[in-house]
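**Q** 3D, please:
(2 chains)
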Amino acid sequence: MTGFADDPCARCEELLQPFLDRELNEAERAEAEAHLSLCSYCRKRYRFEEHLRRFVRQAVIAEPMPPELKARLADLRTPLF
Amino acid sequence: MSETTPETEARRLATEARDRVRFEEDALALADQVYRVARHLVGSREEAEDLMQEAYARAFRSWRSFRPGTNLRAWLLRILTNLNIDRGRRLQRTPGLEPLEEGDYFLYNRLEESTPDASDEERVVERLSQDSVVSALSAVPHDFRDVVVLVDIGDFSYADAAQILDIPIGTVMSRLHRGRRVLKQQLAHEAVGTGAA
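**A** Modelled structure (predicted):
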């Protein structure tokens, strides 16, 4: 029982996050894929979500660790002697 | 019963020193990846640097409690997230439910309305700036942000994130869901000046 019998796009929207996280079971994945193969409205939004996730990741990775911090962490090691 | 002689004791100490050095090298090799997550668990670069130093000092002190062969990155992040929680940041308000009522298509719909050539989804994403992502992420409440950062940036599985944060997988899923929605609300607000409370 999905609660979205009359609105397959709403059901597809509900499946978006777990679909991209690869957390859907086989039946749910097949359900989403079947709808996406027919519906360009949802397909666009799924593709957007994929681009968005990549974009967020790249935006965040763009700020590397300062080299001085790395040196300070190395100094925290226990002296050998 | 084995007898401890000066030679066996010396061997034991040498083995322990070798294991410790290896542990420290492995932990330092992961510092960039740990920092990437730490930087977005807290609000500023300075806080992230303090947290990293505190976490690494604690990790180096308690290296014996790490089980070789298990996930060192997850172990380090567990220390780091616990320290972050100890710092009292949970006092931050939790978000109201109202802004979360929008669905997952919300951000696309908002951006599409104001993008001239919305036929290409990549162009719609380009409406966002890298700075807006960093600032939107920092506006997501901590409990939700922890999970979003671990899963979407740290690339941890739901199970790893649950272990690091010491919460059930179901809580990881619900916080991830809400956290991503808050992030989208913030991004919509930054990009088109609407959508956030």
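**Q** lowest confidence element among the helices and strands of chain B?
**A** helix B:121-125 (a mean of 76; mean pLDDT, DSSP states H and E).
**Q** Name the next helix or strand following the longest helix seen in chain A along the chain.
**A** Taking DSSP state H as the criterion, chain A has its longest helix at helix A:40-61. Moving toward the C-terminus from helix A:40-61, the next helix or strand (DSSP states H and E) is helix A:67-75.
**Q** hang on, the earlier thing: I'd like the mean pLDDT over the longest helix of chain A, please.
**A** The average of the pLDDT scores along helix A:40-61 is 89.
**Q** what's the burial count for residue 54?
**A** Picking chain A for this. Burial measure for A:Arg54: 12 neighbouring residues, criterion other Cβ atoms under 10 Å in any protein chain shown. For every residue, glycine as well, the C-beta is placed using N, CA and C.
**Q** Switch to chain B, please.
**A** Counted by other Cβ under 10 Å, the residues lying close to B:Glu54 total 17.
**Q** Send me stretch B:14-26 as PDB with only the CA atoms.
**A** Provided in PDB are the C-alpha atoms of stretch B:14-26 (Å, rounded to 0.1, in the frame of the first residue of the first chain):
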ATOM      1  CA  ALA B  14      59.600  -2.700  20.500                       C
ATOM      2  CA  THR B  15      56.500  -4.400  19.000                       C
ATOM      3  CA  GLU B  16      54.200  -2.000  20.800                       C
ATOM      4  CA  ALA B  17      56.200   1.000  19.500                       C
ATOM      5  CA  ARG B  18      56.100  -0.400  16.000                       C
ATOM      6  CA  ASP B  19      52.300  -0.900  16.100                       C
ATOM      7  CA  ARG B  20      51.800   2.600  17.600                       C
ATOM      8  CA  VAL B  21      53.900   4.200  14.900                       C
ATOM      9  CA  ARG B  22      51.900   2.300  12.200                       C
ATOM     10  CA  PHE B  23      48.600   3.400  13.700                       C
ATOM     11  CA  GLU B  24      49.700   7.000  13.900                       C
ATOM     12  CA  GLU B  25      50.900   6.900  10.300                       C
ATOM     13  CA  ASP B  26      47.600   5.300   9.100                       C
END
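**Q** Pull up the residues of chain A that are close to chain B.
**A** With the criterion set to Cβ under 8 Å from any Cβ of the partner chain, chain A comes near chain B through A:10, A:13-14, A:16-17, A:21, A:23, A:44-45, A:47-49, A:51-53, A:55-66, A:69-70, A:72-74, A:76-78, A:80.
**Q** residues in contact with A:Cys12?
**A** Shown in contact with A:Cys12 (Cβ atoms under 8 Å, 6 or more residues apart in numbering or on different chains): A:32, A:35-36, A:39, A:42.
**Q** For the residues you listed, pick the one with the most neighbours.
**A** Within those, A:Cys42 tops the neighbour count with 22 neighbours, counted by other Cβ under 10 Å.
**Q** Roughly how far does the residue nearest to that one when sequence neighbours are not counted sit from B:Arg180?
**A** Once flanking residues are discounted, A:Cys42 sits nearest to A:Cys12: 4.5 Å by Cβ to Cβ, 6 or more residues apart in numbering or on different chains. According to Cβ to Cβ, to the nearest Å, A:Cys12 and B:Arg180 sit 17 Å apart.
**Q** rewinding a little: what separation is there between the residue nearest to A:Cys42 and B:Val149?
**A** 27 Å.
**Q** my guess is B:Ala139 meets B:Ala188, correct?
**A** No: applying Cβ atoms under 8 Å as the test, B:Ala139 and B:Ala188 come out as separate, 11.9 Å apart.
**Q** Settle it for me: which of the two has more neighbours?
**A** Neighbours were counted for B:Ala139 and for B:Ala188 using other Cβ under 10 Å; B:Ala188 has more, 22 against 17.
**Q** So the more buried one sits against B:Leu107, correct?
**A** Yes: using Cβ under 8 Å, B:Ala188 is in contact with B:Leu107, at 5.3 Å.
**Q** This completes my enquiry, with thanks.
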